[in-house]
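Trainee: Here is a sequence together with a model predicted from it:
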Amino acid sequence: MAICEFLIKQAIEFDCNDQVIAGIEQNGVIINRQDINFAGVVFNATRKNVIETFPLKVGKKGYAIYVPTPTPFNNTTTTMEKGTNRNTFTNDVGFIILNHDPDVCANIIDGLANGEFVIVYENKFKNLNKTATGGDSAFQIAGYYQGLRAETLENNRYSDETEGGWSVLLRETRSPKSGLFLYDTSYAVTKTLFASLLNIVPEPGA
Amino acid sequence: METIASRLEEMKARIHALSPSDKKFIEETQIQVLRRPFVRTTCGECYKDALIEMCIYLQKNKLMAQSNYALVAGVILHSADYPDVYTNANLTDEIAEQRLKENPALIRFFSHYPPDWETRIGLNAPEAEHSEAEQFFIILLSEKLKAGATKAALKEEYKEYEIEGKKVTVRALNTYIDKAKEQLTIPNS
């Protein structure tokens, strides 16, 4: 059995050519964690926090999250959590649902309240100029290890932030990794892979 | 398909005043026409753009390209050897079968595939026909049977027979005699 080494392996530097920027893009994907085909997930051969293939089970698909606000996915954070034997990470993903009707409540909120989810979102910082693996900062996965569960689900009819919609905060605790990314070859290829999570295959003969 | 095309053309006439039901129709139809889901953006023109793109596509392509193969969500066909990226929007039978031929294990990433996919890629190839030497032997046996020889007599006579340097096994000899009988349609003896 291998002995885990907890070591720093690269210099802590600042890339003047591709400076890190804050923010997340408006379009993400939320997946019911039970719909993931974990046996088919393919990690990068050398970088074990990079997923290259992220298949869902046959007949399943992810659902788009569209947050048309100045700060989409606000309150999305990763925080170290001290543990008894080792420290882990808590991932929070926050977003606003600018809608409120019976379908939203039945098909989204009620499910979010008690389910387990994985969210893939796109950072505004793409890291496109990175050597060999340009674009690998773009797409990040939360909830893969433990599942994201509802921490906050609130509807305030007078909220300026939600305008009468819903405020959502989903949380994954005890993730062993500080970051898990979706990346295959380039930003363009990965963006196609990201879009394929919403795959809706027409019925034969449609 | 004609219904979809005609409705899209009708919507084009009022493209600057699309109703909520029009927008919903565009969202639901794009996956059928362009084989990719509709994704809202912030540009404010995404419904009009999608409508025009679908109308143009249907004008140029009378029938949608339908593949017998479809990938599950979260999978694209792409590798270092094949830099082109294939999704359900552009996947063809030829591409799918090419990749499956090289790696049949990829079938686990397909949600739809024809039931005879293994035959299509040559995994279940039909058994090879008899060689020329075997066919000659079968003809010889049929001539013997035609002349009145019995199966038992032939088995005794040719128990040491060789084809292409290899001794014919008992099982193989039985098979050859049965084939010879089929050619003559003689009852079992």
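Mentor: Nice, I can see it. All values reported here derive from a predicted model rather than from experimental measurement.

Trainee: Nearest to chain B: which residue in chain A?
Mentor: Closest approach between chain A and chain B, counting by CB to the nearest CB: A:Asn199, at 3.7 Å. Placement of C-beta: from N, CA and C, glycine included.

Trainee: As CSV, could you dump the C-alpha coordinates of stretch A:74-86?
Mentor: The C-alpha trace of stretch A:74-86 is given here as CSV (Å, rounded to 0.1, in the frame of the first residue of the first chain):
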residue,chain,number,x,y,z
ASN,A,74,-22.4,34.1,-5.6
ASN,A,75,-21.2,32.5,-2.3
THR,A,76,-19.4,29.7,-4.1
THR,A,77,-16.4,28.9,-1.9
THR,A,78,-14.0,26.2,-1.0
THR,A,79,-12.8,26.1,2.6
MET,A,80,-10.5,23.8,4.5
GLU,A,81,-12.2,21.9,7.3
LYS,A,82,-10.1,20.6,10.2
GLY,A,83,-10.6,16.9,10.9
THR,A,84,-9.6,14.4,13.5
ASN,A,85,-7.1,12.5,11.3
ARG,A,86,-6.8,14.7,8.3
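
Trainee: list the buried ones in that stretch?
Mentor: Neighbour counts using 16 or more other CB atoms under 10 Å in any protein chain shown place A:74, A:76, A:78 of stretch A:74-86 among the buried residues.

Trainee: quick check: mean pLDDT across that stretch?
Mentor: Stretch A:74-86 shows a mean pLDDT of 94.

Trainee: Just give the number of residues close to A:Leu7.
Mentor: 5 (other CB atoms under 10 Å in any protein chain shown).

Trainee: that older thread, okay if I get the buried residues of stretch A:74-86 as TSV plus distance to B:Pro115 and secondary structure?
Mentor: TSV is the format used below for the buried residues of stretch A:74-86 (distance: CB to CB, whole Å; DSSP: H, G, I helix; E, B strand; the rest coil):
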residue	distance to B:Pro115	secondary structure
A:Asn74	49	coil
A:Thr76	45	coil
A:Thr78	46	strand
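
Trainee: residue boundaries of the helices in the chain?
Mentor: Using chain A here. A:102-104, A:110-114, A:187-196 (DSSP state H).

Trainee: Wait, chain B was what I had in mind.
Mentor: Counting by DSSP H, the helices of chain B are B:2-12, B:20-34, B:46-60, B:93-102, B:117-120, B:132-146, B:151-157, B:170-184.

Trainee: tell me the angle of the third one relative to helix B:20-34?
Mentor: What separates the directions of helix B:46-60 and helix B:20-34 is an angle of 40 degrees, with axes from the mean of the first three to the mean of the last three CA atoms, to 10 degrees.

Trainee: and if you look at the last one?
Mentor: For helix B:170-184 against helix B:20-34, the angle by the same axes, to 10 degrees is 100 degrees.

Trainee: do the same with the first one
Mentor: Direction vectors for helix B:2-12 and helix B:20-34, defined by the same axes, to 10 degrees, enclose an angle of 130 degrees.
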